[in-house]
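> Sequence plus the predicted model coming up.
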Amino acid sequence: MVKKRLVINGLSRTLLVNPEDSLAKVLREQLLLTGCKIGCDQGQCGTCTVIVDGKAVRSCIMKMGKVKDDTVIETIEGIGTPEDLHPLQLAWMGHGCAQCGFCSPGFIMSAKVLLAENPSPTREEVRHWFQVHRNLCRCTGYKPLVDAVMDAAKVMRGEMVKEDLIFKPVGNKILGTSYIRPSAAQKVTGTWDYGADMALQMPANTARLALVQADIPHALLKGIDYSEAEKMPGVYKVITHKDVKGKNRISGLITFANNKGDGWDRPILCDEKIFQIGDAVAIVAADTEEHAKEAAKKVKLDLEALPAYMSAMEAIAEDAIEIHPGTPNIYYETNCIKGEETAPIMERAPYVAEIDAYSSRQPHLHIEPDCGLAYIDDEGRLTVHSKSIGIHLHSAMITAGIGIEPEKFRLVQNPAGGTFGYKFSPTMEALLGVACLALDGRPCSLVYDQYQNITYTGKRSPAFMHIKMAADENGKLLAMEGDNYIDHGPYSEFGDLLTMRLTQFTGAGYDIRNIRNKSQTVCTNHAWGSAFRGYGSPQSFMGSEVCMDVLAEKMGIDPFELRYRNIYREGTGCTTPTGQEPEVYCLEEMYDKARPIYYEAKERLAKMNTDKLKYGVGFAAGVYGCGLDGKDGSFANIQLNPDGTVTVFNSWEDHGQGADIGTLTMAHETLREAGITPDMIKLVMNDTALTPASGPAGGSRSNVVTGNATRVAAEMLINAMRKPDGTFRTYDEMVAENIPTFYEGTWVASACTDCDLETGQGAPFSNYMYQLFIPEVEVNVETGKVRIIRFTTVCDFGTIINKIVVDGQVYGGCTQGFGLGLSEDFEDYKKHTTLAGCGIPYPEDVPDDFNIIYTETPRPLGPYGASGCGEGPLTAGHPAILSAIYNATGARITEIPARPEKVKAALDALK
Ligand code: MCN
Ligand code: FES
Ligand code: FES
């Protein structure tokens with residue numbers, strides 16, 4: 001131990017510290033200054049940035065031994081108060097920069113130093129500053145952050161007043177405006193406590209957990225020896241499958257009856273077999289995290305290695321053994337069978353294109369590592385807090401496995417630092433539940449490090465797409481065929497649903513009357529497949545959008561033109577691939593807006609080419625459905641309080657997208673009729689003990705489905721409050737007249753139908769979102785490096801509920817599409833284990849010239865005309881980038897990510 005005298009947020013403090021500990025650890029664990037967040041703990045993400053003697057420092061890599069006495073340290077907690085926020089904090093709120101908010105404190109501290117050194121930076125200088133300080137954001141695409149710094153700088157130079165940083169509503173209306181989300185102030189002050197922060201606030205007897213994980217992908221588990229581990233310092237218990245009181249399985253909830261598995265394929269703690277690297281075999285519970293981790297290293301596993309199938313093609317080979325004995329490795333097949341037989345059409349058609357394409361195992365790269373905690377609550381319920389984005393769904397998936405009655409189980413969502421869908425899979429929840437019961441109810445916490453977070457959370461399932469399309473002389477699409485495989489990893493959860501998305505979205509956006517498209521789900525030993533923003537559509541469009549480009553090339557027409565000739569148009573009888581009538585016809589207007597931008601870029605870029613640098617523009621279109629298939633529904637409750645305020649209860653889980661502002665706005669738009677203002681609406685969200693089953697926040701369904709349920713609840717209350725003369729009753733008047741003050745709103749997509757299991761035909765979604773992507777790229781032909789220099793997107797999400805939220809969804813989602821197209825992957829268990837190693841885009845990888853154009857076609861079944869928006873931006877940006885690379889160089893790439901070596905190889909092949 002050493003004694004240090006430090007000046008922290010203006011006050012002198014004497015601390016006793018371990019010189020080997022990082023500054024971040026001391027700030028967080030000794031001083032509970034948890035605004036300093038740990039994303040990577042290895043200097044790659046900047047979430048831990050604090051100011052040390054005037055410099056922006058990543059405190060996770062600064063050892064206390066190096067921090068001298070009298071060092072002046074500033075953290076986010078020291079730069080503003082709720083009444084007097086720093087201009088950067090206000091600007092962060094005003095520009096919607098705090099989506100999940102996990103990166104916000106680090107960015108703000110970093111920017112504060114920048115503005116101290118350079119009060120008038122250019123946008124490029126801001127971007128470069130964040131780049132060299134390794135500030136990462138996974139949600140915002142960076143542009144709003146640069147906007148915020150530029151505005152804060154103006155305020156600090158006296159050119160703008162603080163008040164103008166925040167949107168203020170005119171009158172009592174917030175729908176369609178940039179009203180600030182309720183959680184914004186906590187996020188920018190570092191007081192929005194994520195799971196790892198809450199874990200630090202737990203009582204002294206809390207058990208800290210560490211996992212014993214498999215280091216090979218496929219094996220028989222013949223024994224677990226934890227005799228040495230048990231004797232290690234601080235250890236309370238080593239928990240194995242023998243301690244699990246229930247079935248020890250997570251149910252994958254088979255969605256479709258023709259699935260060959262039963263969904264009970266995933267152990268909570270491995271008992272007979274290891275199915276993938278990282279599988280949890282035991283949990284060590286100890287007094288500190290360090291003790292738990294040290295002891296975990298002492299657990300010895302007796303494993304008999306089995307052949308490992310690391311891709312779909314390996315797992316379907318004839319000699320491959322069944323990964324789950326009794327269930328074939330290909331366990332699900334879906335077919336899109338629409339219109340006439342396609343083979344004769346293909347034969348006759350003047351133009352046919354056929355491609356093989358590969359869509360990669362994209363990692364989610366949420367910056368907050370997975371984490372959670374468990375305890376027994378005051379009503380004796382096993383209570384788990386986690387990042388779950390489906391609290392009721394997950395309860396149903398794990399209670400039997402843990403061995404607890406559903407009514408004795410409570411799941412609460414913590415503030416989440418981004419999930420992008422991986423939290424559709426309930427792993428952490430089941431491990432915590434098992435541990436808490438095995439420890440006789442002792443509270444416990446489990447926090448992954450970034451390595452575990454990357455290697456042991458679900459991934460986007462790779463797809464091998466084989467697509468064939470035919471057109472007539474005029475470029476009218478005649479037919480489409482497909483034969484595709486999804487590599488879903490070892491666990492079946494939602495694998496059938498994902499594969500069904502290939503039936504629903506391959507070829508979507510175009511009037512194709514005849515389709516035969518077969519897709520199969522394959523069990524492998526690589527990372528398990530979980531939901532990821534866009535869910536099935538990036539794979540689908542990697543097939544059909546790339547094929548459209550090749551078809552246009554065969555016909556000698558522009559790919560934009562081929563698409564335009566085939567889009568959904570009213571009165572033509574066109575339908576989606578599943579035979580559903582589009583709910584609106586907005587594509588023509590969107591293409592009309594895109595056309596001049598695309599052609600202007602094409603002409604301009606062609607003139608910019610040099611020997612070394614080639615320029616091109618690409619185009620692709622994406623469509624996505626809002627909802628779970630068929631008659632998706634949701635619940636939301638509302639209550640009028642004695643003081644005239646209103647409380648809304650729902651389980652619209654928040655990844656960071658803005659469930660809070662969504663709920664507030666949906667309720668307010670109706671309640672405002674009675675003079676209720678936004679500050680009179682309280683939100684109670686995401687706790688199975690308190691909030692109704694609104695369904696998971698996946699499939700971009702919440703704005704439509706839970707938004708509608710919230711609207712309906714508000715309408716029920718307003719109708720009850722309305723007096724015959726048109727004025728509204730107060731709470732006291734309601735009580736006096738015996739009128740209930742609590743209402744349960746519900747909404748169901750009643751016009752929808754499930755897709756037929758034989759043909760895939762049906763009307764699965766009440767609403768769709770539509771988006772066009774126009775990237776402009778620069779390709780260095782010497783290195784193969786591709787840079788996106790400008791990006792335009794045209795979107796239709798129906799009525800916009802909150803403008804900065806939707807802008808933020810588009811910037812962030814498209815940026816993930818850039819990563820998908822160019823850099824991100826999780827394939828190699830040695831290389832792809834850090835945020836940087838997985839290819840996450842840093843600020844300078846994303847263009848600042850990033851433009852969003854909206855058309856707002858009201859949706860008949862959307863709340864106030866709104867559709868969803870979360871997933872549209874990650875549908876088809878990547879084929880658009882490949883199309884731009886082709887336009888620039890003539891090299892056709894059909895596998896992502898198009899990393900430099902792949903582009904270089906394609907360029908060399910041209911020669
Ligand atoms: N919205 C709006 N107007 C519209 C449509 C949507 O203002 N016309 C707002 C909604 O109120 C909501 C947000 O946009 O705040 C997204 O709405 P919606 O598309 O309904 O999606 P969900 O709320 O169901 O959120 C889930 C969706 C998915 S599936 C993933 S994955 C995802 C995403 O949203 N993960 C995210 N966005 C994310 N954003 C962040 N920052 N972090 C994630 O992990
Ligand atoms: Fe410190 Fe990532 S840089 S936590
Ligand atoms: Fe930046 Fe979520 S807001 S990581």
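Arrived safely, thanks for sending. Numbers count the residues shown, from 1 in each chain. Ligands and ions are numbered 1, 2, ... in the order given.
> how about the helices in the stretch 501-650 of the chain?
For the stretch 501-650 of the chain, the helices defined by DSSP state H, counting those that start in this stretch occupy 537-555, 559-566, 587-606.
> what inclination does the last one have with respect to helix 559-566?
Calculated by axes from the mean of the first three to the mean of the last three Cα atoms, to 10 degrees, helix 587-606 forms an angle of 170 degrees with helix 559-566.
> other SSEs contacting helix 587-606?
Secondary-structure packing of helix 587-606 (3 or more Cβ pairs under 8 Å, 6 or more residues apart in numbering; DSSP states H and E): helix 559-566, strand 613-617, strand 767-780, strand 786-796, helix 877-889. Placement of C-beta: from N, CA and C, glycine included.
> Show me where the stretch 551-700 of the chain dips below the pLDDT cut-off.
Scanning the stretch 551-700 of the chain for pLDDT under 70 picks out nothing.
> Could you dump the helices of the stretch 501-650 of the chain into TSV and include distance to ligand 1 and mean neighbour count?
Listed next are those as TSV, based on distance: least, Cβ to the nearest ligand atom, whole Å; neighbours: other Cβ atoms under 10 Å:
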stretch	distance to ligand 1	mean neighbour count
helix 537-555	11	27
helix 559-566	24	20
helix 587-606	15	17
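> Let me have the helices and strands packed on helix 587-606 in a markdown table, adding distance to Asp53 as columns.
Shown next, in a markdown table, are these (distance: least, Cβ to Cβ, whole Å):
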| stretch | distance to Asp53 |
| --- | --- |
| helix 559-566 | 55 |
| strand 613-617 | 42 |
| strand 767-780 | 40 |
| strand 786-796 | 36 |
| helix 877-889 | 42 |
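> Show me what counts as buried in stretch 226-233.
Buried residues in stretch 226-233, defined by neighbour count with 16 or more other Cβ atoms under 10 Å: Tyr226, Ala229, Met232.
> my bad, stretch 299-306
Neighbour-count burial for stretch 299-306 [16+ other Cβ under 10 Å]: Val299, Leu301, Leu303, Leu306.
> Pick out the most distant pair among the residues you listed.
Distance extremes for the buried residues of stretch 299-306: the farthest pair is Val299 and Leu306 at 20.7 Å, using Cβ to Cβ.
> before we move on, the earlier item: from the buried residues of stretch 299-306, which are also near ligand 3?
The subset of the buried residues of stretch 299-306 within reach of ligand 3, by Cβ under 6 Å from any ligand atom, is empty.
> about what we covered before: mind putting the helices of the stretch 501-650 of the chain into a markdown table with distance to His95?
Converted to a markdown table, those look like this (distance: least, Cβ to Cβ, whole Å):
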| stretch | distance to His95 |
| --- | --- |
| helix 537-555 | 28 |
| helix 559-566 | 32 |
| helix 587-606 | 24 |
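> So Met716, which state does it fall into?
Classification of Met716 using DSSP: H, G, I helix; E, B strand; the rest coil returns helix.
> That one reaches Phe742, doesn't it?
No - using Cβ atoms under 8 Å, Met716 makes no contact with Phe742, being 9.7 Å away.
> More neighbours: which of these two?
A count of neighbours by other Cβ atoms under 10 Å puts Met716 above the other of Met716 and Phe742, at 19 against 14.
> Number of residues surrounding the nearest residue to the more buried one once chain neighbours are set aside?
Spatially, and ignoring its direct neighbours in sequence, Met716 is nearest to Tyr743 (3.9 Å; Cβ to Cβ, 6 or more residues apart in numbering). Around Tyr743 there are 19 other residues, counting by other Cβ under 10 Å.
> Any chance you could list residues touching both of Met716 and Phe742?
Taking Cβ atoms under 8 Å, 6 or more residues apart in numbering as the contact rule, Met716 and Phe742 both touch Ile638.
> would you say Leu211 is within a strand?
Yes - under three-state DSSP, Leu211 sits within a strand.
> residue contacts, it?
With contacts defined as Cβ under 8 Å, 6+ apart, Leu211 is in contact with Ala280, Ala282, Ile283, Val284, Ala296, Leu431, Leu446, Gln452, Tyr456.
> Could I get the buried residue list for stretch 336-344?
The neighbour-count check on stretch 336-344 (16+ other Cβ under 10 Å) flags Cys336, Ile337, Lys338, Gly339, Thr342 as buried.
> contacting residues for the last one?
Yep, that's Thr342 we're talking about. Contacts of Thr342 by Cβ under 8 Å, 6+ apart are Ala470, Ala479, Met480, Glu481, Asn514, Ile515, Arg516.
> Mind listing what's buried along stretch 23-43?
Buried residues in stretch 23-43 (16+ other Cβ under 10 Å): 23-28, 31, 33-42.
> Could you give the number of residues near the residue of the stretch 151-300 of the chain at minimum distance from ligand 3?
In the stretch 151-300 of the chain, the residue found nearest to ligand 3 is Lys187; the distance is 7.9 Å by Cβ to the nearest ligand atom. Neighbours of Lys187 under the rule other Cβ under 10 Å: 26.
> which regions of the chain lie under the pLDDT threshold?
Along the chain, no part satisfies pLDDT under 70.
> how about the residues of it near ligand 3?
For the chain, the contact set with ligand 3 under Cβ under 6 Å from any ligand atom comprises 98-103, 137-140, 367, 418, 656.
> Nearest to ligand 2, out of those: which one, please.
Taking Cβ to the nearest ligand atom as the measure, ligand 2 lies nearest Ile367 of the residues of the chain next to ligand 3, at 7.8 Å.
> Skipping its backbone neighbours, what lies nearest that closest one in space?
Leaving aside its sequence neighbours, Ile367 sits nearest to Gly39 (Cβ to Cβ, 6+ apart; 4.1 Å).
> secondary structure element for the one you found?
If you go by DSSP states H and E, Gly39 is not part of any helix or strand.
> Return the residues in contact with it.
Residues near Gly39 by Cβ under 8 Å, 6+ apart: 45-48, 102-103, 106, 136, 367-369, 417, 450, 835.
> at 6 Å instead, please
For Gly39, the contact set (Cβ atoms under 6 Å, 6 or more residues apart in numbering) comprises Cys45, Thr47, Ile367.
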